[in-house]
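# build me a model:
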Amino acid sequence: MTPSLEDACAPYRSLAIAGTAKNAGKTTALNYLIERFAAAGEQLGLSSVGRDGEAVDQLTNRPKPRVRPPVGALVATSHDAAVYSQATLAHVASTPFRTALGPVAIYRVTAPGFVEVAGPVKVREAAALLKQLADLGCTKILLDGAADRRAFISAGVDGFVLATGAVLSPDPREVVEETRAVLARLQLPSPPQSWRDLCTQGAGAISPAGFKFWPEATFLADLPGFLAWLPVDAQALYVPGALADTLVQAVLEARRPLDFVVPAGTHVLASRELMDRLLARGQKLYALNPLKAVAITLNPFSPDGVIVPAEALVAAFEGAFPGLPVVDVVLGRGSNASHIG
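Numbering: from 1, shown residues only. Here you go, the predicted structure:
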């Protein structure tokens, strides 16, 4: 029997909720966990990277599911978002962070209603908010992300839930393959320890002789100069920022058999096509901070009206992700009976 989403998430104090794309069911999964953890008596903390919980999507102008935390929950959000929220919020603590919607503070829900959650977009600031919520006694902390942004996953959470579904394709098999690609990118393995010890500062190259620092802020600042600078025996590049198409393309065209090390899988922004070419040549990707998927949630509906039968979607995922619970939280169907922990 497939474990419920809340059972799969139970061992983790902090969780990020991600989506493979907009309208993948991320907010539905978030609300499900809020309801179940509140019923279990957990002290909930809620934050977001970017804005979420508004009535209408700011990009598509479509109605959105609203976020409704229980009375007693702590919500880290901006001043304006707190004002716009339907719930009654009492100020608990200030933070040093600001957003386009004003300074971020932590509030306690004192009367029920919908809330808008708007936190800082920087990963380090999101991580600091998570710690502050934990210090205030939260036993379950949920971090939401705006749109299909997934960088928030690397904000120091214990694990993440990935929402996916028909928004990717009307073909359940394609949904599986697209989801598999996202998970593979997010869950990169750790590099060899000798490489980890070298990746402590800026961008650079790893070779048997050690670490050679790149003098610019990023490799993209001077690609022709980068190729001339690159040691002939380089084994890997440490990319502390975003691993983008331009750098991967340059390495491929130069036919340099380099591996890549990034801080976390969320830093890999290069296209799937280029990454497939890189991997096909035997080159590898590593992450200093590996991310842990806890569960997958399925949404059989897409905003353009396409509906994939829930049974077909669940069946397509059956056995595709061994050990990782896959559930439709609305219909209560799931696959993969192994509990992850």
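# mind checking which helix or strand L142 is in?
In this assignment (DSSP states H and E), L142 forms part of strand 140-145.
# how about low-confidence regions in this protein?
Counting by pLDDT under 70, the chain shows low-confidence ranges at 1, 50-65, 146-151, 332-341.
# and the helices in it?
5-9, 26-39, 79-84, 123-135, 172-186, 193-196, 223-229, 245-253, 272-280, 310-317 (DSSP state H).
# what does the fifth one rub up against?
In other words, helix 172-186. Helix 172-186 is contacted from outside by 18, 20, 150, 153, 160, 162, 164-166, 168-169, 265-266, 268, 272, 275, 285, 291, 293, 296, 308, 312-313, 315-317, 320-321, using CB atoms under 8 Å, 6 or more residues apart in numbering. (C-beta placed from N, C-alpha, C; glycine too.)
# quick one, what contacts the nearest residue to P191 once chain neighbours are set aside?
The shortest distance from P191 to any non-neighbouring residue, by CB to CB, 6 or more residues apart in numbering, is to Y286 (3.6 Å). By CB under 8 Å, 6+ apart, the contact list for Y286 reads 188-191, 195, 236, 259-262.
# also V268?
Going by CB under 8 Å, 6+ apart, V268 touches 185, 188, 243, 262, 275, 285.
# for it, give its distance to L223.
Plainly put, V268 is 18 Å away from L223 if you go by CB to CB, to the nearest Å.
# and what of N289?
From N289 across to L223, the span is 27 Å (CB to CB).
# tell me, how many residues neighbour the nearest residue to F317 once chain neighbours are set aside?
By the measure of CB to CB, 6+ apart, the closest residue to F317 outside its immediate chain neighbours is V326, 4.5 Å from it. As a burial measure, V326 scores 27 neighbours (other CB atoms under 10 Å).
# please report the distance of V326 from T179.
9 Å.
# list the residues that contact both of those two?
Counting by CB under 8 Å, 6+ apart, the shared contacts of V326 and T179 are 296, 317.
# ok, back up a step: of the contacts of helix 172-186, select the buried ones using a PyMOL command.
Selection of the buried residues among the contacts of helix 172-186 in PyMOL, burial being defined by 16 or more other CB atoms under 10 Å:
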select buried, resi 18+20+150+153+160+162+164+165+166+168+169+265+266+268+275+285+291+293+296+308+313+316+317+320+321
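# residue boundaries of the strands in the stretch 201-341 of the chain?
204-207, 210-213, 236-238, 259-262, 285-287, 293-299, 326-328, 333-335 (DSSP state E, counting those that start in this stretch).
# now do the fifth one: distance to the chain's middle.
So the one you mean is strand 285-287. Chain-centre distance of strand 285-287: 16 Å, with CA atoms, centre = their mean, to the nearest Å.
# try the fourth one
Averaging C-alpha positions (CA atoms, centre = their mean) puts strand 259-262 19 Å from its chain's average.
# return the alpha-carbon coordinates of that strand using PDB.
C-alpha atoms of strand 259-262 as PDB (Å, rounded to 0.1, in the frame of the first residue of the first chain):
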ATOM      1  CA  ASP A 259      32.800  17.100 -15.100                       C
ATOM      2  CA  PHE A 260      30.900  19.900 -13.400                       C
ATOM      3  CA  VAL A 261      30.400  20.600  -9.700                       C
ATOM      4  CA  VAL A 262      27.600  22.900  -8.500                       C
END
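# domain boundaries for the protein, per the record?
Per the record, the chain has its domains at 5-187+291-335, 193-287, by automatic domain parsing.
# the shortest one: end-to-end distance?
For domain 193-287, the first-to-last residue distance is 12 Å (CA to CA, to the nearest Å).
# if we can go back for a sec, any idea which of the helices of the chain gets closest to V49?
If you check each of the helices of the chain against V49 by CB to CB, helix 123-135 wins as the nearest, at 5.0 Å.
# what packs against that closest one?
strand 44-52, strand 74-78, strand 88-99, strand 102-111, strand 117-119, strand 140-145 (3 or more CB pairs under 8 Å, 6 or more residues apart in numbering; DSSP states H and E).
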